[in-house]
Each structure stands twice: as C-alpha cells, then as structure tokens.
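Participant: have a look at this fold, sequence not included:
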C-alpha cells in the first residue's frame, strides 16, 4: 500500500512539473572602443512572446549635481517613471524622440511622472542646463540588462528558446547575436565601436 501511495505521489508530481517551463539567464561582457567606459550599454532580446507584468515599483531618474541619474534607464513599455530634482537649482525635464513630453521647470520636492507607452528611445533633456542628457529606452518585453562600469550585464528569467540578442548605446553601433537559452546560464559577449 505504501509503495502504491508513493507511486501515485510521484506520478502526480511528474504530471504537475511537465507543464512547468524553467527560465534561464543570459550573461556576458561588453568591450567598447571609442567611449570612456562600457557602462550604459543595454543588451536585450529583440522579440519574445508573452504578456508581461509592469514593475511593482516605478523606476526613477533623479537630477543630482546637474547630472541625470541614471544616465540610461531601460524599461518595459507601459512603465511609469518618476522624475526627481535633488538639486537646489531649477531644472526642466523634457523628452525628445519616440515619446515626447515636457514637465516644465521646478526645484525642490516636486516629483513628476511620465508613462512610456511607445517602444523606442527617448532623450531626456533639461532646457535650463543643455549639457544634461539621459535616455529612457523602452522595450516590448522585460528581457534586458544594463552594463556596469566593467561592461558586465545579466538578463534574468528568460524562457528557454531561440532569440536575437541585440545591443543599444547612444553612440556605439548596435550588434546582434543569435542565441539559444536553456535552463542553464547562456553567455554572450560583444565588442562595440563607433
């Protein structure tokens, strides 16, 4: 009887697990030529099937010492981004590109938001300080990673399958690699130049 019960439990577990798809990760390193640092390169899967949940917490871009922080922010289409001003001077925030907007000028504690509903790239600028520049890069799926100062990136929880992996940078030329993702970690390195 115990043997029959164990067999039934095992069959039930195998049946439950047979419909489960386990995700994998993509990691790699970006080498760059023609820019100071490999930081700020977005690596992303061009197309992926599915419906995707927006982040529970809105990402943000701050203005600190006359610099937008972060300089590059990749987001899933439909994401609302908060814009802050931690400086004690007036700043303006406006977007130019695939999703244009103007939030006006403010200083202090005001926080403004914008929802990015169009896939593409938006340059974030300040008309008070023309040297300030950042980018919001909007994707149709959440499978993207941003390089750190050493050029490392990770894309987590990618469903198994074949994909086109691409790069985005505001100056460097984009590259594409065909990759296969399994339940293991898949590696993909790039060398980018102008």
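Facilitator: Ah, there it is. Everything numeric in this text was worked out from a predicted model, so none of it was measured.

Participant: quick one, what contacts residue 134?
Facilitator: Residues counted as contacts of residue 134 (CB atoms under 8 Å, 6 or more residues apart in numbering) are 61, 68, 70, 71, 72, 73, 123, 124. Glycine gets a C-beta too; all of them are placed from N, C-alpha and C.

Participant: quick one: pLDDT of the first one?
Facilitator: When you say that, I think you mean residue 61. At residue 61, the model reports a pLDDT of 97.

Participant: these two touch, right, it and residue 75?
Facilitator: No. Judged on CB atoms under 8 Å, residue 61 makes no contact with residue 75 at a distance of 10.4 Å.

Participant: mind listing the shared neighbours of these two?
Facilitator: Contacts common to residue 61 and residue 75, judged by CB under 8 Å, 6+ apart, are 81, 136.

Participant: coming back round to it: give the PyMOL command for selecting the buried subset of the contacts of residue 134.
Facilitator: Restricted to buried positions by 16 or more other CB atoms under 10 Å, the PyMOL selection for the contacts of residue 134 reads:
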select buried, resi 61+68+70+72+73+124
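
Participant: can you lay out the contacts of residue 134 as TSV showing secondary structure and distance to residue 42?
Facilitator: Compiled in TSV, the contacts of residue 134 are given as follows (DSSP: H, G, I helix; E, B strand; the rest coil; distance: CB to CB, whole Å):
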residue	secondary structure	distance to residue 42
61	strand	15
68	strand	16
70	coil	11
71	coil	11
72	strand	7
73	strand	9
123	strand	14
124	strand	15
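
Participant: and for residue 194, the neighbour number?
Facilitator: 10 (other CB atoms under 10 Å).

Participant: remind me which residues of this protein are low pLDDT?
Facilitator: 1-21 (pLDDT under 70).

Participant: longest strand in it, please.
Facilitator: The longest strand of the chain (DSSP state E) is strand 24-33.

Participant: on that earlier part again, out of the contacts of residue 134, which two sit at the greatest distance?
Facilitator: Using CB to CB, the contacts of residue 134 reach their maximum pairwise distance at 70 and 123, which is 14.0 Å.

Participant: outline the domain layout of the chain.
Facilitator: Structural domains assigned to the chain are 21-50+143-194, 53-140, following automatic domain parsing.

Participant: just give me the closest of the contacts of residue 134 to residue 23.
Facilitator: Distances from residue 23 to those, taken by CB to CB, are shortest for residue 73, at 23.4 Å.

Participant: Provide a list of residues in contact with the closest one.
Facilitator: When contacts are counted by CB under 8 Å, 6+ apart, residue 73 touches 59, 61, 81, 134, 135, 136, 137.
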